[in-house]
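S.K.: Return atomic coordinates for the entry below.
(one chain, ligands or ions: 1)
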Amino acid sequence: MQWLRKHLLTIRELSVDEITAALDTAASFKEVSSRQIKKVPALRGKTVVNLFLEPSTRTRVSFELAAKRLSADVINISAPASSITKGETLKDTAKNIEALNADFIILRHSAPGSPKFLADRLNASIINAGDGSHEHPTQALLDVFTIREKLGRIDGLNVMILGDILFSRVARSNIWALTKLGANVTLVGPSTLVPREFEEMGVRISYKLDEELEKADVINLLRIQHERQRKAFFPSIGEYTSVFGLTLKRFQRTKPGVLIMHPGPINRGVEIANEVADGARSVVLEQVTNGLAMRMAVLYLTNNAQVGTRPGATPPEVLPMKEDEPS
Ligand code: CP
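M.R.: So this is what the prediction gives:
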């Protein structure tokens, strides 16, 4: 098992071995969450700062919980409650956080490349928690973890990513992860939101959802990212739903064992019908559960790289806390 990276900035830069190391390590940490005492001492004495300068529910909460389960100290900073509102730059904010001996900065930011910008300037490990429309590496890792857990493999599966691809960091990170692991990826959506340039990433593109429904082993739905769109990319929400929404009628034409995925937040009745989002083939909430295990794995692996643990020292030592051990 190989993971030598101090930072996690993109899936694009990861090797298949590194992705596999993350998946296998997350499986160990998922077992930790089933124990009566759900904490391990792997990051004791370390400080993790969640620097979230865009809104988040799932990613921020699961990184906080992951760091606490690994016995780290955790600080949460959000944009409205920070001195960024007074004009402080990202670099100065991060340098001040590092001056307080932060070992990890988990960054969510609207600017593509902002995690790399910090990684080039700070000693702390930087984890990308979503940078604009660029990448969301831990989301892709938890998504492929969920597919592998449910279907037993990634290689050879037909995975449809449906919706607003153009503005989606989740789509980009998923395309990198899935194609590296041998999946056949098809992007589906309006031509304005699924430009042909994506074919250069090794995927198929289709603008006809109704012709693709029977082929998919996995359908990963994406919401329309209104916050990043500066013009109209389709005539109306109602028209989008009628052509690209996963309605109950369309769902009934999918394979019996299809996995329905969504990174959240869901826009019910727009890209997905209630009956599908809450149905037996939906793994949307299992993705959230797996996000905790994956974020524990990423913190654990990047910490090992930071402290220079020799390669091959994994699988992880996830020793339980002793009953009377201080956290
Ligand atoms: N999937 C995801 O990134 O959700 P949040 O924006 O709630 O973190």
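S.K.: C-alpha only now, for contacts and for neighbours.
M.R.: Noted.
S.K.: Need the nearest residue in space to the residue nearest the centre of the chain, chain neighbours excluded.
M.R.: Per CA atoms, centre = their mean, the C-alpha nearest to the average position across the chain is that of Gln139, at 0.9 Å. Sequence neighbours aside, Val170 is the residue nearest to Gln139 in space, at 6.6 Å (criterion: CA to CA, 6 or more residues apart in numbering).
S.K.: isn't that neighbour right next to Thr138, touching?
M.R.: No: between Val170 and Thr138 no contact is recorded; they are 9.2 Å apart, counting by CA atoms under 8 Å.
S.K.: for the stretch 101-250 of the chain, which spans come out with low pLDDT?
M.R.: 226, 228-231 (pLDDT under 70).
S.K.: rerun that using 80 as the cut-off
M.R.: Residues of the stretch 101-250 of the chain that meet the criterion pLDDT under 80 lie in 225-235.
S.K.: Nearest to the ligand: which residue in it?
M.R.: Shortest the stretch 101-250 of the chain-to-the ligand distance, computed as CA to the nearest ligand atom: residue-wise this is Gln139, at 6.3 Å.
S.K.: per-domain residue ranges of the protein.
M.R.: Segmentation of the chain into domains, based on automatic domain parsing, reads 16-135+288-307, 137-286.
S.K.: Save those domains as a markdown table, and put in distance to Thr10 too.
M.R.: Supplementary listing: the domains of the chain in a markdown table, determined by distance: least, CA to CA, whole Å:
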| stretch | distance to Thr10 |
| --- | --- |
| domain 16-135+288-307 | 6 |
| domain 137-286 | 6 |
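S.K.: so which of those comes closest to Trp3?
M.R.: Proximity to Trp3, assessed across the domains of the chain by CA to CA, is greatest for domain 16-135+288-307 (5.3 Å).
S.K.: Tell me where the chain has strands.
M.R.: Using DSSP state E, the strands of the chain run over 47-52, 73-78, 104-109, 125-131, 158-162, 184-188, 204-206, 218-221, 259-261.
S.K.: how far out from the middle of the chain is the fifth one?
M.R.: When you say that, I think you mean strand 158-162. In terms of CA atoms, centre = their mean, to the nearest Å, the centre of strand 158-162 is found 16 Å from the chain centre.
S.K.: before we move on, what about the first one?
M.R.: Between the mean C-alpha location of strand 47-52 and the chain-wide mean there is a distance of 16 Å, by CA atoms, centre = their mean.
S.K.: Spell out which residues of this structure are next to the ligand.
M.R.: Remark: the part of the chain in contact with the ligand comprises 56-60, 263-265, using CA under 6 Å from any ligand atom.
S.K.: ok, now with 5 Å
M.R.: Within the chain, the residues that sit near the ligand (CA under 5 Å from any ligand atom) are 56-59, 263-264.
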